[in-house]
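> Just a sequence and a predicted model for now, questions to come.
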Amino acid sequence: MELEKDSYSNHISHQFNEELEAIRTQMLTMGGIVERQVNDAIEALLTSDIELAEQARRIDKQTNEMELTIDEQCTTTIARRQPAASDLRLIISISRAVADLERIGDEASRIAQQAIEMSEGSRTQHGFQEVRHIGNLVRDMVKNVLTAFARNDLEMAYRVAKQDRNVDQEYRTAMRTLVTFMMEDVRSISNIMSVIWVLRSLERIGDHARNLSEHLIYQVSGTDVRHQSLQSMKKTVREETADDDGEEE
């Protein structure tokens, strides 16, 4: 009788692991879709490709639906399985991550909308160099944080969080430059304001990518590093990776 009970428990545990892996895979799939949406939106703006911009906007509906589906699965799993410790952290971090991914998709959709509107009027070159530069930075952040999630790579997650500081600095510098352009030529105000909204969306994408890195660090370490300094975050990552090295030895 004991053997039958043990076999049943093992079966349930195996099934639970499969459920967790399925949720995690769906989150990473959603991440890949959002990453493509960001890439398409930025390229559409830089190249005045309306078709690509429309494609980026259409993806937004798909990511919204994926967020609801994954979040419902997380809630159901918690209610049915009542997971503890690392399993619970995994589910919570995924639930938080899909919310940030959905918001990244929203910002990408806004950039795509700006691309469409700007292609219909006179196009200014002011700010496009900044858009390209900051756009490349945030694209790298999104790509790298998703890679970090796939590998449970805390060091990479920390580097993404650190890169957000560079994005913020570049954003502030770009704002000062664009305000100067508007003061020098009032006719450029309308076009430059559109570029400013794009840069604002890019800066927010960077913020959400940093949030994703924080969710991964929480998942692996159990330490909530939200609203903490980079120094505190780095300390958590170092302690966790040191523990891992000790276990391997």
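Cool, got the structure. Residues are numbered from 1 along each chain as shown.
> residue ranges for the strands of the protein, please.
Remark: no strands are assigned in the chain by DSSP state E.
> Now do the phi/psi pair for Q82.
Per-residue torsions, Q82: phi 50, psi 60 (degrees, to the nearest 10).
> per-residue confidence at it?
In this model, Q82 is scored at 89, pLDDT.
> list the contacts for it?
By CB atoms under 8 Å, 6 or more residues apart in numbering, the contact list for Q82 is empty. Quick note: C-beta positions are derived from backbone N, CA and C, even for glycine.
> 10 Å instead?
Under the criterion of CB atoms under 10 Å, 6 or more residues apart in numbering, the neighbours of Q82 are L88.
> Against T76, how distant is it?
According to CB to CB, to the nearest Å, Q82 and T76 sit 12 Å apart.
> Identify the residue nearest the most centrally placed residue in the chain in space, chain neighbours excluded?
For the chain, the residue whose C-alpha lies nearest the mean C-alpha position (CA atoms, centre = their mean) is A209; its distance is 3.8 Å. Closest residue to A209 apart from its sequence neighbours, by CB to CB, 6 or more residues apart in numbering: M141 at 3.9 Å.
> go on, S95?
Nearest residue to S95, sequence neighbours excluded (CB to CB, 6+ apart): C74, at 4.4 Å.
> Does that neighbour touch D87 like I think?
No - C74 is beyond contact range of D87, at 11.4 Å (criterion: CB atoms under 10 Å).
> Not counting sequence-adjacent ones, nearest residue to G31?
Nearest non-adjacent residue to G31, counting by CB to CB, 6+ apart: L146, 4.3 Å away.
> One more: T69?
Nearest non-adjacent residue to T69 (CB to CB, 6+ apart): Q26, at 7.4 Å.
> quick one: S13 from Q62, how far?
Distance from S13 to Q62, by CB to CB: 33 Å.
> got it, and L46?
23 Å.
> How about N152?
N152 is 26 Å from Q62, by CB to CB.
> tell me, which helix in this protein spans the most residues?
For the chain, the longest helix by residue count, based on DSSP state H, is helix 2-47.
> sorry, back to before: could I get the contacting residues of the residue nearest to S95?
Contacts of C74 (CB under 10 Å, 6+ apart): L20, I23, M27, L90, I91, I92, S93, I94, S95, R96, V98.
> Could you identify the most distant pair in those?
L20 and R96 (15.5 Å; CB to CB).
> Distance from the longest helix of the chain to the middle of the chain?
Its chain's C-alpha centre and that of helix 2-47 lie 15 Å apart, by CA atoms, centre = their mean, to the nearest Å.
> helices and strands around the lowest-mean-pLDDT helix or strand in the chain, which ones?
Among the helices and strands of the chain, helix 230-248 carries the lowest confidence by mean pLDDT, DSSP states H and E, at a mean of 79. Applying 3 or more CB pairs under 10 Å, 6 or more residues apart in numbering; DSSP states H and E, one finds that helix 230-248 contacts helix 154-184, helix 189-221.
> which parts of it are buried?
Buried residues in helix 230-248, counted by 16 or more other CB atoms under 10 Å: M233, K234, T236, V237, E240, T241.
> Columns distance to F128 on top of these, output as JSON lines?
Listed next are those as JSON lines, based on distance: CB to CB, whole Å:
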{"residue": "M233", "distance to F128": "33"}
{"residue": "K234", "distance to F128": "35"}
{"residue": "T236", "distance to F128": "39"}
{"residue": "V237", "distance to F128": "36"}
{"residue": "E240", "distance to F128": "41"}
{"residue": "T241", "distance to F128": "40"}
